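Student: Got a sequence here, can you model it:
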Amino acid sequence: MILPANLLTVLLVEDDPADVELTRMSLEQGKVKLRLDVVEDGVKAMDYLNQRGVYADTPLPDLVLLDLNLPRKDGRQVIEEIRASARLRCLPIVVLTTSSADADILRSYSLGANCYITKPAGFEDLVKIVRQIEDFWFTIVRLPTKARG
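Tutor: As a prediction, the model looks like this:
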C-alpha cells in the first residue's frame, strides 16, 4: 500500500497483541488519518528509529507510544536512547503503560517522556484514551517538521 508522504505516523512500541489491536482499532476510528507502525520490543524500536536493518527505508514517526515493560530493552532505556540522540531527541514520547507506580512516572519524566498515561483496564476506556491522545497530539499540538523518506 502506498501512503501519502505527509501522512502522520505513530510508532507503537507494545508487546501485548491485544493492546496493539485495541490501539489500532481506536486510531482507525479517529478523526486523523494515521499510519501506525508497531514493534514489540525496545531493540526493534531503536532499530526502527535509527533506520537499521529491515527499517532502513522507514521514515521517522511523528509520535512514539511506548510501553515501559518490554522484552530485550525496556521503555525506560528506549526513552534514554532517544533523548541521547541529536537526531531523535525532539521526538514526542507518550508513555502508555499499565504501571501507575510513582517511581515509574518520575523516572519516565526525568528521562524525557513528554507525558505518562496509565492504561485503563477496560476496552472502552482505552479507546477513549487513545482518541484523546490522537486529538491532543495531532489536532491541538504543533509537532516539529521532519524530513520524510
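
Student: Spell out the residue ranges of the helices in this protein.
Tutor: 17-28, 42-49, 75-84, 102-111, 123-135 (DSSP state H).

Student: could you dump those to CSV with distance to Leu63?
Tutor: C-beta here means a position set from N, CA and C on the backbone, and glycine is covered the same way. Formatted as CSV, those follow (distance: least, CB to CB, whole Å):
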stretch, distance to Leu63
helix 17-28, 11
helix 42-49, 12
helix 75-84, 12
helix 102-111, 15
helix 123-135, 8
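
Student: Tell me which of those sits nearest to Val141.
Tutor: helix 123-135 (9.7 Å; CB to CB).

Student: still on that earlier bit, could you dump the helices of the chain into JSON lines with distance to Leu91 and mean neighbour count added?
Tutor: JSON lines is the format used below for the helices of the chain (distance: least, CB to CB, whole Å; neighbours: other CB atoms under 10 Å):
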{"stretch": "helix 17-28", "distance to Leu91": "18", "mean neighbour count": "16"}
{"stretch": "helix 42-49", "distance to Leu91": "7", "mean neighbour count": "21"}
{"stretch": "helix 75-84", "distance to Leu91": "6", "mean neighbour count": "20"}
{"stretch": "helix 102-111", "distance to Leu91": "13", "mean neighbour count": "15"}
{"stretch": "helix 123-135", "distance to Leu91": "15", "mean neighbour count": "16"}
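
Student: Turn the ones you listed into a markdown table, columns for mean pLDDT and distance to Tyr55.
Tutor: Compiled in a markdown table, the helices of the chain are given as follows (pLDDT from 0 to 100; distance: least, CB to CB, whole Å):
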| stretch | mean pLDDT | distance to Tyr55 |
| --- | --- | --- |
| helix 17-28 | 86 | 17 |
| helix 42-49 | 97 | 4 |
| helix 75-84 | 96 | 14 |
| helix 102-111 | 96 | 23 |
| helix 123-135 | 85 | 23 |
